[in-house]
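Enquirer: Turn this into a structure:
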Amino acid sequence: MQDETTVQAVQEGEVVSSSPEELSAQDVASAQAELEQLKGEKNQLLDRLARLQAEFDNSRKREAKERQDARDYTVSNTVEPFLGVMDNFQLALKSGGSAEQLRSGVELILKQMEDALKGLNVVPVESVGVQFDPRVHEALGSVETKEFPDHQVLEEIRRGYKIREKLLRPALVKIASNHAVVSD
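Expert: Model prediction:
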């Protein structure tokens, strides 16, 4: 019956399709060509993915190394001013001078230490004579007095420090307690 349809189609001038065996062979060849093309695209994408992963790993390693180098640079720049202070302490310990000479030497070393801290933007918290500020002071006790206003810092027990405006540690202080004067 199919042969009659094919003959009739040829007589009417229509294009005749191939037999099912030939149609399958053409479809298989077309599908194989498409499969090869898709395999090529897949291989290109896998290669691109592998390259991007390697590039990401290299970037991550480079960033970690740069971060470590920056840390090392910061630490070396921070430590360097204190090396001279340590040298002077060692010289003071080796010296055979009097107690007054030793005291004078330690005062010079303290000044050198303060200068090193200033070079790093570390400054002491202002304490004695100012009003108690819980943001920068820590009260260790109070002294009953009528000479000073209530909550004025009378004595600094341990110096506090700031780096720029950030508090590194609060100053430990004793404050005035004056019940006769009410603080604002």
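Enquirer: Going by C-alpha atoms from here, please, whenever you check contacts or count neighbours.
Expert: Noted.
Enquirer: in this structure, what spans have low per-residue confidence?
Expert: Filtered on pLDDT under 70, the chain yields the residue ranges 1-23, 181-184.
Enquirer: Can you give me the domain boundaries for it?
Expert: Taking automatic domain parsing as the criterion, the chain consists of the domains 19-120, 122-184.
Enquirer: Could you identify which of these is most buried?
Expert: Most buried of the domains of the chain, by mean neighbour count (mean count of other C-alpha atoms under 10 Å): domain 122-184, with a mean of 17.
Enquirer: How far away from the center of its chain is that domain?
Expert: The chain centre lies 33 Å from the centre of domain 122-184; the measure is C-alpha atoms, centre = their mean, to the nearest Å.
Enquirer: do stretch 104-119 as well
Expert: Its chain's C-alpha centre lies 31 Å from the corresponding centre of stretch 104-119 when counted by C-alpha atoms, centre = their mean.
Enquirer: repeat for stretch 69-89
Expert: Relative to its chain's centre, stretch 69-89 lies at 21 Å (C-alpha atoms, centre = their mean).
Enquirer: got it, and stretch 98-108?
Expert: So, by C-alpha atoms, centre = their mean, the centroid of stretch 98-108 is 42 Å from its chain's centroid.
Enquirer: I'd like the numbering to begin with 462 instead of 1 from here.
Expert: That works, and once the first residue is 462, the last one we named lands at stretch 559-569.
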